[in-house]
Structure formats: structure tokens, C-alpha cells
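Colleague: Give me the fold of what follows.
(one chain, ligands or ions: 1)
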Amino acid sequence: MPPTTCIRCQTNRAVVKRPKNHHKVCKECFLAAFEDEVHHTITSSKLFQRGERIAIGASGGKDSTVLASVLKTLNERHDYGLDLILLSVDEGIKGYRDDSLETVKRNASQYEMDLKIVGYDELYGWTMDQVVETVGKKGNCTYCGVFRRQALDRGAKMLKIKHVVTGHNADDIAETVLMNLLRGDLPRLSRSTSIVTGHAASEVKRSKPLKYAYEKEIVLYAHHKKLDYFSTECIYSPEAFRGTARSLIKTLEKVRPSAILDIVRSGEDMARLTPDKDQSSCACDEGESMGGCGSANGRSSGNELAEMEASLKKQSNHASLETDVSAKSNATVPDTVELPLRTHRKEGLGTPLQKLGQCTKCGYMSSQSICQACMLLDGLNKNRADIAI
Ligand SMILES: Nc1ncnc2c1ncn2[C@@H]1O[C@H](COP(=O)(O)OP(=O)(O)OP(=O)(O)O)[C@@H](O)[C@H]1O
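Modeller: Next comes the predicted model:
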């Protein structure tokens, strides 16, 4: 069979079949299209302001590594005028986070960015290893998710930075939409679709520039750009409900590649119809509820992503080989990028901010008198006291 020609440039050999639309493109066109799409997300959402200092939530994993790399590329190419800094949270998980932080340290020098690391240990007096020792593996993601969201905020404040970006991708958002739909929690569903989240009381806003990027495309981008990232999953057990939602989405994606973006778009439409988006929201909550980090171990059904990464590694020895270009296609790709952005929202992008109070214990913003982190810490400290007795 003759090699397939890239449908974008019509010149080079296609080596990538894009997971989001099955377009067959060459490596250069794939990288350019991916970057153009993230740029489109950023500009059409007016995500950044010139001169802004941005903390990139950097875990060393594929998503945040790709985010750091793409933001550096776009910042230089389009002269955004941003000051980019890596911000990592050390949850205190031996054999996992200590190793991934080594990757972030390498990324900091590769991308010439400053790096700030904040630890659960110093912030809360507990490492995740100690939390798991105390509460067991079941439910530990809840602690980790609440602590991490707050730790990112606190790290940003230490740096005097008011905007943190994270590597949440379209698959993550679709998963959260589905979970909140299944829970019947429309206000949370609404918050989970916002590209910008944050809080008036917090002064730190968070955004997701990879909101429309497919996880598989992120893996392909990292592979073809030869990025240095850490691919081992967290050693502690994932939240079962999120894992199930993820499997369902991966199954849907197999029969309908656009399913992921369709779910994100439907979530956005439902969000517009939700009257009170901010009901009982908390600064720790981006529509994900207290259900953990979203970095589900075994997150793809059948460990599909791990298999994909392994097969990409094998292929890198045969760089000219096509990446899944089995089916024939005569389609041509339009020059303009079409993304399901909702650009008609009023200023402030996404969820309107809610007035919140402060936690009476730690001073962190909270809709309750005691924030989620302090409530969890309270239980943990009581347990530690019991164990000590
Ligand atoms: N320890 C951490 N330090 C800083 N930021 C983090 C950390 N863990 C997660 N994040 C941020 O939150 C995003 C989503 O986290 P999640 O736990 O879902 O991991 P993920 O999807 O595996 O992402 P990644 O591939 O970047 O690890 C990450 O992309 C990153 O921006």
C-alpha cells in the first residue's frame, strides 16, 4: 500500500492519525495543529494578560509537561509577554512524587523556568504516605485532592502570583461532566466546564489551557516533541467512580471519536442553563467535588494509554513509520481551526465569582466556617492522637 500523504500540507508522509478527528497528518502538521488549537483556546478565551506572571502546576506528568512546553512555545511565538514559573506540590509519596519531581527539576532547566516546590509536610504536617498509613488506601484521593488544590493556591500566593494554569485536558473535563451528571449535581457540572475557575476571596484564579486537547493527542505531542516526562501512575488507589466514568468515556471514544468534545460541549450548554452555578461551592472545588485528584491510576480502560506510550516508544526506533494510518481518507483539512468554544459569555470567562468567608482555623477561603482541608486534618490529627495513646 502506498504511504498516505498528510492531508494538511499535502506533501509529507502522514505519520499520525489524530485521535480527535482521525485526520492523517505528518509530524510537523500535527505539532503545528496542536499548538494552533491551544493558541486558539487561549486567545478566544482571553485567558492571559500581557505582563501576567503565570504559575504552571507542574507534576512532571504528560499533561503538565506538555502544557509547560506549549506555553513556552506560544509565549515566544506570539509574544504573549508572560512570565512563566513552574509550581509543584510534593504530596509526600515515596517512589512516585519524589521521582516525578526530579523530572520537573529537569524541565525547569530545559524550559529555563523558575521552579517552586511546596510540600504537604510543611503545609499540613502530614505527607500522603502518612495519611494512607492512617486512613488506608480507600478514600485517600479525597485528602490528596483537597490538599493539592489548596497547596497550589498557597504556593501561588508565596510567589505573589494570581493565576495558576493546570494540565487538565478534554478527557478530564468530560469525565467530570459525566460524573456530575450521574450524581445529578448541575451546579458542580457547571463549574467543571469553566475554563477559568477561582474565587473572589482567593485572589488566585485557575485555568485550563488544554481544556479542549484530547489526552491521546497530548501523549502524541509529548512523543513527537521528545518531551521529558514521568509516566508512572500514582501508587495509591484511584477513586472508583472516576475510574468508571473514564472507562465509559474511552469506550464511547472508540465508537465516536468526537464523543469527548461532545460531552464537554454539552456540559457547557448545560452550564448556561444552570440558574445558580455557585450554590454551595467552595474554593477547594472546581466542580470536581471532594472526589480526589482525577489522576486515576489505570485511568484508561484496559490501560490503553500505557499501551499507547509503550508502542510509541517502540516506534521511535522506526521514526518514519505511520502511527495508525490504516483507513483510507481523501478528506482535506480546513485551514481554520474549529473548536467548540463558547465565546459569548460575559466578561470574567466562565463561572461568576461567589462571595466567601475565611476558614476560622487556617484563614483559607471557605464557604463554611472551617475549610475542607482543616476538617480533614482535624480527623487525621485525632486519629494520630489516638494512635499515639
Ligand atoms: N503535584 C502536583 N504539583 C503541581 N501541579 C499538579 C500536581 N498534581 C497535579 N497537578 C496539576 O493538576 C493537573 C491535573 O492533575 P491530575 O492529578 O489529573 O494529573 P494528570 O492528569 O496525570 O496530569 P499530569 O499528566 O500533568 O500529571 C496537572 O496537569 C497539573 O497541572
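
Colleague: which residues in the chain form helices?
Modeller: Using DSSP state H, the helices of the chain run over 27-44, 62-77, 97-110, 120-124, 128-135, 140-158, 170-183, 186-193, 215-224, 240-255, 259-273, 304-315, 372-388.

Colleague: average pLDDT across the second one?
Modeller: This means helix 62-77. Helix 62-77 shows a mean pLDDT of 98.

Colleague: how about that helix: buried residues?
Modeller: Applying a neighbour-count criterion of 16 or more other C-beta atoms under 10 Å, one finds 62-75 buried in helix 62-77. (Glycine included, C-beta is placed from N, CA and C.)

Colleague: Now do that helix against helix 97-110, angle only.
Modeller: Between the direction of helix 62-77 and that of helix 97-110, the angle (axes from the mean of the first three to the mean of the last three C-alpha atoms, to 10 degrees) works out to 10 degrees.

Colleague: From here on, call the first residue 148.
Modeller: Taking 148 as the first residue, the last one we looked at is helix 209-224.

Colleague: which strands and helices sit next to helix 209-224?
Modeller: Of the remaining helices and strands, those touching helix 209-224 by 3 or more C-beta pairs under 8 Å, 6 or more residues apart in numbering; DSSP states H and E are helix 174-191, strand 200-204, strand 230-237, helix 244-257, helix 362-371.

Colleague: let's see 6 Å
Modeller: The helices and strands touching helix 209-224, judged by 3 or more C-beta pairs under 6 Å, 6 or more residues apart in numbering; DSSP states H and E, are helix 174-191, helix 362-371.

Colleague: shaky segments in this protein?
Modeller: Applying pLDDT under 70 to the chain picks out residues 346-349, 384-385, 422-450, 463-503, 532-536.

Colleague: Those residues of it touching the ligand, which are they?
Modeller: Within the chain, the positions near the ligand by C-beta under 6 Å from any ligand atom are 204-206, 208-211, 235-236, 238, 295, 313-315, 319, 440-442.

Colleague: contacting residues around the residue nearest to residue 194 when sequence neighbours are not counted?
Modeller: Excluding the flanking residues, the one nearest residue 194 by C-beta to C-beta, 6 or more residues apart in numbering is residue 354, at 5.6 Å. By C-beta atoms under 6 Å, 6 or more residues apart in numbering, residue 354 lies in contact with 194, 312, 342, 343.

Colleague: Against the ligand, how distant is the last one?
Modeller: Going back to what we said before, that points to residue 343. 15 Å (C-beta to the nearest ligand atom, to the nearest Å).

Colleague: Neighbours of the residue in the stretch 248-397 of the chain that the ligand sits nearest to, how many?
Modeller: Nearest residue of the stretch 248-397 of the chain to the ligand (C-beta to the nearest ligand atom) works out as residue 314 at 2.5 Å. Here the number of neighbours of residue 314 (other C-beta atoms under 10 Å) works out to 25.

Colleague: State the distance from the closest residue to it other than its chain neighbours to residue 376.
Modeller: Taking C-beta to C-beta, 6+ apart, and ignoring the residues beside it in sequence, residue 314 has residue 210 as its nearest neighbour in space, at 3.0 Å. Distance, residue 210 to residue 376, using C-beta to C-beta, to the nearest Å: 9 Å.

Colleague: tell me the phi and psi of residue 208?
Modeller: For residue 208, the backbone dihedrals (degrees, to the nearest 10) come out as phi -80, psi 180.

Colleague: mind checking how far residue 285 is from residue 279?
Modeller: The spacing between residue 285 and residue 279, counted by C-beta to C-beta, is 10 Å.

Colleague: Pick out whichever of the two has more residues nearby.
Modeller: Neighbour comparison, residue 285 and residue 279: the larger count goes to residue 279, with 20 against 12 (by other C-beta under 10 Å).

Colleague: For residue 356, give me the backbone phi and psi.
Modeller: Here is the backbone geometry of residue 356 (degrees, to the nearest 10): phi -60, psi -20.

Colleague: How about residue 272?
Modeller: Dihedral angles of residue 272 (phi, psi; degrees, to the nearest 10) stand at phi 80, psi 10.

Colleague: And for it, the neighbour number?
Modeller: Residue 272 has 12 neighbours, counted by other C-beta under 10 Å.

Colleague: and it, what does it touch?
Modeller: Neighbouring residues of residue 272 by C-beta under 6 Å, 6+ apart: there are none.

Colleague: One more: residue 205?
Modeller: Taking C-beta under 6 Å, 6+ apart as the definition of contact, the neighbours of residue 205 are 211, 233, 235, 251.

Colleague: out of those residues, who's nearest residue 522?
Modeller: Nearest to residue 522 among those: residue 235, at 25.3 Å, using C-beta to C-beta.

Colleague: Against residue 507, how distant is the closest one?
Modeller: Distance from residue 235 to residue 507, by C-beta to C-beta: 29 Å.

Colleague: neighbour-wise, which of the two wins?
Modeller: Here residue 235 and residue 507 are compared on neighbour count by other C-beta under 10 Å; more neighbours surround residue 235, at 28 against 12.

Colleague: who's the more buried one bridged to?
Modeller: For residue 235, the beta-bridge partners under DSSP bridges are residue 264.

Colleague: Check the spacing between it and residue 403 real quick.
Modeller: In this structure, residue 235 and residue 403 are 36 Å apart, going by C-beta to C-beta.

Colleague: Next, the buried residues of stretch 369-386.
Modeller: Applying a neighbour-count criterion of 16+ other C-beta under 10 Å, one finds 369-372, 374, 376-378, 380-381, 383-386 buried in stretch 369-386.
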